[in-house]
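1. quick one: sequence plus predicted model below, questions after.
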Amino acid sequence: MQKRFVHFLAGCTLVASLASCGNNAPTTEGKKDSTKTFTITEDTVDIQADSVVLKSVVAYSSDTSVKKPIVLIVPEWWGLDGYVKGRAQQLAALGYFAVGIDMYGNGKVADNPGLAGELAGAFYKNPQLWYSRLQAALAKAKTYPGVDTSKVAAIGYCFGGSAVLNSAKLGLPVNGVVSFHGGLAGVTPAKGQTKADILVCHGMADSFVPAADVATFKKQLDSVGASYTFKEYPDATHAFTNPNATEKGKKFNMPIRYNGAADSASFNDMKVFFDKIFK
């Protein structure tokens, strides 16, 4: 197990740590109480899921004044990279116990859409894979001291958004899930099975998610009485939260780009959502 420690004054910006993750990791604001100094720890952790070892990361602060809600993070189809590790540290600085999950196992990451599609394809064909690996990550997170096992959320980006939405429909035992520019197709929900509250953060210019998918998604959740909020952000394409999206879009001729306004708005919407589900 490898540990990285980052000291920061509460109320200051956690720039050095996130920059060290690479891949333009997002900037993080620390706690509001500027009189305290906390340490963010990032550990690598092996999570056994089925016959696969998920080479994941956990991030948490040294603040022990309250138990930390658990937030599971599912990456984009590129795999567990510096962007997701930066998000984990960002959430840790806000007081959460964050778990960045290596969904493919054995630390596999993709550097091109062909390989990414190949790795992700197995999950779209069998959504139970998402569910079982999220369950394994949650079980591991609950073994850590100082976590609040009664307060759990799962968030995901693109492929990860599909992961948390489909797992919620399958009955994932969490308080809520958040999808950032995730696909909306997949499992048909059954009445009484979807227990988690759902927040969807959707780009209005996302050409990967057709209007028909949006309509079907809402209709299906309405039909089973699921609790959900659907947020839309103008001029936001697929992958709008990732600062690397614009460069990757140009490199691979994909209709994706970063949108700072939508990134900020969706992150704030997530924080409001967490405040609601963790009351």
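-> Nice, thanks for sending it over.
2. pretty sure residue 60 contacts residue 94?
-> No. If you go by C-beta atoms under 8 Å, residue 60 and residue 94 don't touch, sitting 10.9 Å apart. The way it works is simple: take the backbone N, C-alpha and C, and place the C-beta from them, glycine included.
3. so where do the strands sit in the stretch 51-200 of the chain?
-> 52-61, 68-74, 97-100, 147-157, 176-180, 197-203 (DSSP state E, counting those that start in this stretch).
4. winner for burial among those strands?
-> Of all the strands of the stretch 51-200 of the chain, strand 176-180 has the most neighbours on average by mean count of other C-beta atoms under 10 Å, namely a mean of 29.
5. tell me the mean pLDDT for that strand?
-> Averaged over strand 176-180, pLDDT sits at 98.
6. what's the answer for stretch 148-155, then?
-> pLDDT averaged over stretch 148-155 gives 98.
7. quick one: low-confidence parts of the stretch 151-279 of the chain?
-> Applying pLDDT under 70 to the stretch 151-279 of the chain flags no residue at all.
8. now the helices: where do they sit in it?
-> For the stretch 151-279 of the chain, applying DSSP state H, counting those that start in this stretch gives helices covering 159-169, 211-223, 245-252, 260-277.
9. would you mind telling me which of the ones you listed is nearest residue 178?
-> Among those, the nearest to residue 178 by C-beta to C-beta is helix 260-277 (5.1 Å).
10. in that closest one, which residues are buried?
-> 262, 263, 265, 266, 267, 269, 270, 273, 274, 277 (16 or more other C-beta atoms under 10 Å).
11. that one vs helix 245-252, what angle?
-> Put simply, helix 260-277 runs at 120 degrees to helix 245-252, going by axes from the mean of the first three to the mean of the last three C-alpha atoms, to 10 degrees.
12. and which of the buried residues of helix 260-277 is nearest residue 163?
-> Closest approach to residue 163 among those (C-beta to C-beta): residue 270, at 16.0 Å.
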